[in-house]
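[1] here's a sequence, model it:
(one chain, ligands or ions: 1)
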Amino acid sequence: MSMFEYRNGEMYAEDVPLSRIAEVTGTPVYVYSAGTLTEAYTRFASALAEAGLNARVCYAMKANSNIAVIRTLADLGAGADVVSGGELDRALIAGVRAEDIVFSGVGKTPGEMQRAITAGIGQFNVESVPELELLSHVSASAGATVDIAIRVNPNVDANTHHKISTGRQEDKFGIDIARAQEIYALAASLPGIAPIAVAVHIGSQLTDVSPFRAAFARVAELVGELRAAGHDIRKLDLGGGLGIDYGGQTPPPVEDYAAVVAETVGHLGCELMFEPGRYLAGPAGILVTQVIYAKEAEARRFAIVDAAMNDLIRPALYDAVHRIEPAREPAPETALHPWDVVGPVCETGDTFAKGCELPALSDGELLVMRDAGAYGAVMSSVYNSRPLVAEVLVRGDAFAIVRERQEPATFLGYESLADWQD
Ligand SMILES: *Cc1c(COP(=O)(O)O)cnc(C)c1O
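    Down below sits the predicted model:
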């Protein structure tokens, strides 16, 4: 499900050879495929429609918030799930309609709430009682009434990496589902907010549908109880979290996910919202890097590449493994050797892969790290004073630089000596 393939002996992004992009932008560079984004969106939305569900997709743009990526998805009909004022700005600049924006996250500030209310967004997902009270105050003061969902924590273990699991009681997200009745009653009594929805999101990179089934079934039960108590629950926001195959995982097909949704909440007559991030953006991006030194030590081969943990932190942070392939297609009989692919940052954690089977590598050769479209560029930093890299969007035989490589002067420009150091 990605359009990065070998043709004529080298890797292409759709109809553009990666070597051509790298010549123009230099490396490292993130390359995104509009066709792959489109395919993933279409597959996700069609699976839900074919399961007979009334669904709206609000792309979780924290996965990849480049405005050209957001616009690609918005053009297909996607709304946006935002988690900060900065993301709200990006969604609006990218052309997402305000009413198609959902504001999630545990720590919205009064200023962020105000901006979102002024912009006229569609829904706030509220995660705590103090947030509920603050939002009511900010909204009522502005003379507004905003639709809200309360994010419930169903206490379901998503069986994913502990840093991206969000639906267990000990996680910081949402309101304990056992307290939901009490909190919806409070919400209904407050001015400026209309509690018309229930939200849930149990984690990211799920490779099994059963935690979804457990969580959605609990939500369905809750909707029945809330309606019995007189609340007009019209919408459900079922979050994101569907995993992708980074090489070796077996995430469920989206059709199975849709079937679980239909089975658990299909009978409720609610408008459904989904917030996929990784599923849409992950396979649509690669990180192209260049071998600086191919170092063959006694016991090991090291490829020291020009990308580092500051550019793609997932291996260091989540023990993630990205498939690495040479941009130049190896001839069929080429012998492969185990290589450790490492970045130049002075930390052992700056390792992309250990024992990755690759052909003989030489200095200057391009390597491709796959499935880097989600939680890649957005999580990058300038650690070791390494500037942010370029991002490119490809569509067919066209490509555009959608973020320029940062010049060191750009971030140095924000610093100065203290006035007593002159
Ligand atoms: C991160 C997040 C998502 C997206 O998760 P993916 O695993 O990328 O699909 C959706 N909703 C909320 C509330 C999130 O925090």
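[2] that's a helix at L48, yeah?
    Yes - assignment of L48 by DSSP: H, G, I helix; E, B strand; the rest coil places it within a helix.
[3] and it, how many residues sit next to it?
    Neighbourhood size, L48 [other C-beta atoms under 10 Å]: 22. Quick note: C-beta positions are derived from backbone N, CA and C, even for glycine.
[4] quick one: residues contacting it.
    Going by C-beta atoms under 8 Å, 6 or more residues apart in numbering, L48 touches 55, 57, 258, 261, 272, 274.
[5] from the residues you listed, which is closest to E221?
    V261 (15.2 Å; C-beta to C-beta).
[6] may I ask which helix or strand encompasses that closest one?
    Taking DSSP states H and E as the criterion, V261 maps to helix 254-265.
[7] in contact with the residue in the stretch 101-250 of the chain that the ligand sits nearest to, which residues are there?
    With C-beta to the nearest ligand atom as the measure, G240 is the residue of the stretch 101-250 of the chain nearest to the ligand, at 2.6 Å. Neighbour list for G240: 60, 81, 201, 204, 274-279 [criterion: C-beta under 8 Å, 6+ apart].
[8] let's verify it: helix, strand, or coil?
    coil.
[9] name the nearest residue to Q249, sequence neighbours excluded.
    Excluding its sequence neighbours, the residue lying closest to Q249 (C-beta to C-beta, 6 or more residues apart in numbering) is T207, at 5.1 Å.
[10] isn't the one you found up against P251?
    Yes - if you go by C-beta atoms under 8 Å, T207 and P251 touch, sitting 4.6 Å apart.
[11] give me the common contacts of those two.
    With C-beta under 8 Å, 6+ apart, T207 and P251 have common neighbours G243.
[12] picking up where we left off before, among the contacts of L48, who's most crowded?
    Compared across these, F274 has the highest neighbour count, 29 neighbours, by other C-beta under 10 Å.
[13] show me the contacts for K108.
    Listed by C-beta under 8 Å, 6+ apart, the contact set of K108 reads 124, 131, 135.
[14] gap between Y375 and the ligand?
    Per C-beta to the nearest ligand atom, to the nearest Å, Y375 is found 7 Å from the ligand.
[15] from what I can see, that residue looks like it's in a strand, true?
    No - secondary structure of Y375, determined by three-state DSSP: coil, with no strand assignment.
[16] next one: it, what pLDDT does it get?
    Y375 carries a pLDDT value of 98.
[17] likewise the one 4 residues further on?
    As summarised for this prediction, M379 has a pLDDT of 98.
[18] coming back round to it: which of the contacts of L48 lies closest to I164?
    Out of the contacts of L48, the member with the shortest distance to I164 (by C-beta to C-beta) is F274, at 17.5 Å.
[19] in the stretch 1-150 of the chain, which residue sits nearest the ligand?
    A60 (3.4 Å).
[20] now that residue. Nearest residue, chain neighbours left out?
    G277 (3.3 Å).
[21] any idea how far the one you found is from the ligand?
    Remark: distance between G277 and the ligand (C-beta to the nearest ligand atom) = 3 Å.
[22] can you list the weak-confidence ranges in the stretch 251-400 of the chain?
    Of all residues in the stretch 251-400 of the chain, none has pLDDT under 70.
[23] quick check: residues of it near the ligand?
    Counting by C-beta under 6 Å from any ligand atom, the residues of the stretch 251-400 of the chain close to the ligand are 275-279, 374.
[24] need these in CSV with neighbour count, can you?
    What follows is those, written out as CSV (neighbours: other C-beta atoms under 10 Å):
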residue, neighbour count
E275, 25
P276, 28
G277, 24
R278, 27
Y279, 27
A374, 27
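[25] adding secondary structure, write these out as a markdown table.
    Shown next, in a markdown table, are these (three-state DSSP):
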| residue | secondary structure |
| --- | --- |
| E275 | coil |
| P276 | coil |
| G277 | coil |
| R278 | helix |
| Y279 | helix |
| A374 | coil |
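[26] report the longest helix in the protein, please.
    helix 210-228 (DSSP state H).
[27] wasn't D171 part of a strand?
    No - counting by three-state DSSP, D171 is not part of a strand but coil.
[28] and it, what are its phi and psi?
    Main-chain dihedrals, D171, degrees, to the nearest 10: phi -80, psi 160.
[29] okay but it is in contact with R151, surely?
    No - with contact defined as C-beta under 8 Å, D171 and R151 do not form a contacting pair (11.2 Å).
[30] the two: which has the busier surroundings?
    Legend: neighbour count by other C-beta under 10 Å for D171 and R151, higher for R151 (26 against 17).
[31] wait, that one sits on K172?
    No - in this structure, R151 is not within contact of K172 by C-beta under 8 Å, at 11.2 Å.
[32] identify the contacts common to those two.
    Contacts common to R151 and K172, judged by C-beta under 8 Å, 6+ apart, are absent.
[33] quick check: nearest residue in space to the spatially most central residue of the chain, chain neighbours excluded?
    Central residue of the chain (C-alpha atoms, centre = their mean): A63, 2.0 Å from the mean position. If the residues on either side of it in the chain are set aside, A63 comes closest to G277, at 3.2 Å by C-beta to C-beta, 6+ apart.
[34] now do the same contact list for that neighbour.
    Counting by C-beta under 8 Å, 6+ apart, G277 touches 59-64, 81, 204, 240, 374-375.
[35] with that, I have no additional questions.
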